[in-house]
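Colleague: Mind folding the following:
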Amino acid sequence: MKHVEVDDQLVSAATPAPIPEEDLKKSERDLEEGSTSVEFDDPPSDDPNIVNWDGPDDPANPQNWSMKKKTINVILVSSVTFVTPLASSIFAPSIDQVMREFHSTNEQLASFIVSVYLLGYCFGPLVIAPLSEMYGRLPLYHICNVLFVAFTVACAKAPNLGGLIAFRLLAGLAGSCPLTIGAGSLADMISKEKRGAAMSSWALGPLFGPVIGPIAGGYLSAAKGWRWSFWVVAIVAGAITIVAFIFMRETYAYALLEKKAKKLRKETGNTKLRSVLDNGTTTKEVFRLAITRPTKMLLFAPIVSLLSFYMALVYGYLYLLFTAMPSLFEGEYHFSSGSVGLSYIGLGVGSLTGLLISGASIDRFAQYLTSKNGGEPKPEYRLPFMGGACFIVPAGLFMFGWSAEHKDHWIVPIIGTSFLGCGMIIVFVSALPLYAATRFSAH
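Modeller: Numbers count the residues shown, from 1 in each chain. Just a heads-up that it's a prediction; the model follows:
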């Protein structure tokens, strides 16, 4: 029996077809353990029709790429994973400008314009994940990057609120690509024992992009107007897209071996040649598995259901603040349009504090519990810190709301947002091993 390392999110592509009928407890255990190992039956040694890597040192295998080549791809994936979450919130400080320009006073609509981007994050992975399993990661990156730039430009040129909402949704759909398959791209290139630094750089995007966005957007909107928030994102994303077309390479082993098999079939005329990872799953079955498997986990695996619900709730709090803070600090505290962006620094400071606390303590505490309980590591050993963060998050929200209602000094609600940011990051980092496999599908 042979073990092949694959991405957590794309296990279904290489798993035998009866996944939906397998025992749910086994699926839940695999998810909780963060399993990245899939077993394949060894093909007969004399079978000439199996196409595999040319030995363990095959340079075509992304695991054997040079450090320079891996670094370039990690930087590109991390960069685009930073830009798309940043785009979700960069124009939040200018939402009042938007509503004034289009002559609307609907506060619910204002909140929806900011948060509709996240609907794209919800539904995009349901299409992107199975497509990446069939055609590889590289085509999805290129297509989604181009679409993201196009829809962001469309947001900058939006003639009315309806158009802005529609283009924000479409930009979110395209922008979900690096968050859906980014971790898998890194896992394709870097062994599990060495991928910590790469994963950390990639994870900074989803964690800090939404926080840095409003800080930059506040001054952009004050200096150039709300449309320039989108123009800047489009320019940066466009530059990354061009560089990606030149330097980014396919990392998904299934796609690479399938391409190799196709080339050999053409050269040799042997139509029976097939990839060692080809299990005969049809396109229809891939889509079915991509939708039903995370749905089944979400509905019937309590660990996934609870974490998905709570992570969505905490992320919702974040975007609630994004829409509330411009009105509060510009209307009640009379901040200028540019200074409104600075009110988000509290979130940034709190997030950085949470990252330092979790980075220094969670792994160490998990190791302590592991040694105390027979040496068997379990992802649940990381959760005690989440329990503490569950109190920090509502405390920060209460402090923000109470001080704003009573018109206390402006620093008090900002301190409240720092508590929220700290608790939010601790929650995310604590849940990461349990949540990673289905965070963009089930959630």
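
Colleague: Now do the same contact list for residue 176.
Modeller: Listed by CB atoms under 8 Å, 6 or more residues apart in numbering, the contact set of residue 176 reads 84, 120-121, 124-125, 128, 144, 440. C-beta here means a position set from N, CA and C on the backbone, and glycine is covered the same way.

Colleague: Could you pull up phi and psi at it?
Modeller: phi -80, psi -10 (degrees, to the nearest 10).

Colleague: mind checking how far the nearest residue to it once chain neighbours are set aside is from residue 140?
Modeller: Once flanking residues are discounted, residue 176 sits nearest to residue 124: 3.2 Å by CB to CB, 6 or more residues apart in numbering. Residue 124 sits at a distance of 10 Å from residue 140 (criterion: CB to CB, to the nearest Å).

Colleague: okay, and the common contacts of the two?
Modeller: residue 177.

Colleague: circling back to that earlier point, which helix or which strand is home to the residue nearest to residue 176?
Modeller: Here residue 124 sits within helix 107-135, counting by DSSP states H and E.

Colleague: Please name every helix or strand in contact with that helix.
Modeller: helix 11-14, helix 67-89, helix 95-101, helix 137-156, helix 161-175, helix 177-189, helix 283-300, helix 302-327 (3 or more CB pairs under 8 Å, 6 or more residues apart in numbering; DSSP states H and E).

Colleague: change it to 7 Å
Modeller: When contacts are defined as 3 or more CB pairs under 7 Å, 6 or more residues apart in numbering; DSSP states H and E, helix 107-135 sits against helix 95-101, helix 137-156, helix 161-175, helix 177-189, helix 283-300, helix 302-327.

Colleague: list the buried ones in that helix?
Modeller: 110-111, 113-121, 124-135 (16 or more other CB atoms under 10 Å).

Colleague: pLDDT weak spots in this structure?
Modeller: 1-47, 193, 196, 360, 432-443 (pLDDT under 70).

Colleague: spatially speaking, which residue is in the middle of it?
Modeller: residue 179 (2.9 Å; CA atoms, centre = their mean).

Colleague: quick one: that one and residue 80 touch, right?
Modeller: No - judged on CB atoms under 7 Å, residue 179 makes no contact with residue 80 at a distance of 9.5 Å.

Colleague: Tell me, how many residues neighbour residue 401?
Modeller: Number of residues near residue 401 (other CB atoms under 10 Å) recorded here: 14.

Colleague: Name the helix or strand for it, please.
Modeller: According to DSSP H and E, residue 401 maps onto helix 384-405.

Colleague: Contacts for that helix, please.
Modeller: Helix 384-405 has contacts (CB atoms under 7 Å, 6 or more residues apart in numbering) with 314, 317, 328, 358, 361-362, 365, 412-413, 415-417, 419-420, 422-424, 426-427, 430-431.

Colleague: I'd like to know which of those residues are part of helices.
Modeller: In this view, those that belong to helices under DSSP state H are 314, 317, 358, 361-362, 365, 412-413, 415-417, 419-420, 422-424, 426-427, 430-431.

Colleague: Filter these down to the buried ones, PyMOL style.
Modeller: Buried residues among the ones in helices among the contacts of helix 384-405 (16+ other CB under 10 Å), as a PyMOL selection:
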select buried, resi 314+317+358+362+413+415+416+417+419+420+422+423+424+426+427+430+431
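
Colleague: Is residue 281 within a helix or a strand, and which one?
Modeller: Using DSSP H and E, residue 281 falls outside every helix and strand.

Colleague: what's the neighbour count on it?
Modeller: Neighbour tally, residue 281, other CB under 10 Å: 19.
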